[in-house]
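**Q** Take a look and give me a structure for this.
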Amino acid sequence: MTLLSVPDMSCGHCKASVTEALSALPGTATISVDLTTRQVDVAGTATAEAILAALNEIGFPAHVIAAK
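**A** Numbering: from 1, shown residues only. From the prediction side, this is the model:
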């Protein structure tokens with residue numbers, strides 16, 4: 001599980017873009033996006049570095065809050 005803060009995420013379109021980008025990333029099992037807290041929870045085998053790179057690529061810089 002990797003919990004990220006995505007401060008620039010603010011609307012349904014943002015949520016859809018983030019979900020789509022992370023769903024295409026190998027090793028993501030489940031993705032939960034919370035617009036209220038602007039956090040994304042990703043479960044699976046994808047590394048935090050790969051997740052951050054995928055988000056940066058679509059214009060949503062993020063940082064890791066917690067990783068297990």
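**Q** where exactly do the strands run in this protein?
**A** Ranges of strands within the chain are 2-5, 28-34, 39-44, 63-67, based on DSSP state E.
**Q** what's the third one in contact with?
**A** It stands for strand 39-44. Outside strand 39-44, the residues that touch it by Cβ atoms under 8 Å, 6 or more residues apart in numbering are 1-6, 9, 18, 22, 27-34, 51, 55, 62, 65. C-beta: built from backbone N, CA, C; applies to glycine.
**Q** which residues pair with residue 33 across the strands?
**A** Beta-bridge pairing for residue 33 (DSSP bridges): residue 40.
**Q** wait, doesn't it sit right on residue 20?
**A** No. Checked against Cβ atoms under 8 Å, the pair residue 33 and residue 20 is beyond contact range at 10.7 Å.
**Q** What is the helix or strand of the chain with the lowest mean pLDDT packed up against?
**A** Taking mean pLDDT, DSSP states H and E as the measure, strand 63-67 is the helix or strand of the chain with the lowest mean score, a mean of 93. Other helices and strands packing on strand 63-67, by 3 or more Cβ pairs under 8 Å, 6 or more residues apart in numbering; DSSP states H and E, are strand 2-5, helix 48-57.
**Q** For residue 14, find the nearest of those.
**A** helix 48-57 (10.8 Å; Cβ to Cβ).
**Q** Okay, buried residues for that closest one please.
**A** Residues 48, 50, 51, 52, 54, 55 are the ones in helix 48-57 that count as buried (16 or more other Cβ atoms under 10 Å).
**Q** before we move on, what about stretch 56-68?
**A** Result for stretch 56-68 [16+ other Cβ under 10 Å]: buried residues 60, 62.
**Q** Kindly report the same for stretch 4-13.
**A** Neighbour counts over stretch 4-13 (16+ other Cβ under 10 Å) mark 4, 6, 9 as buried.
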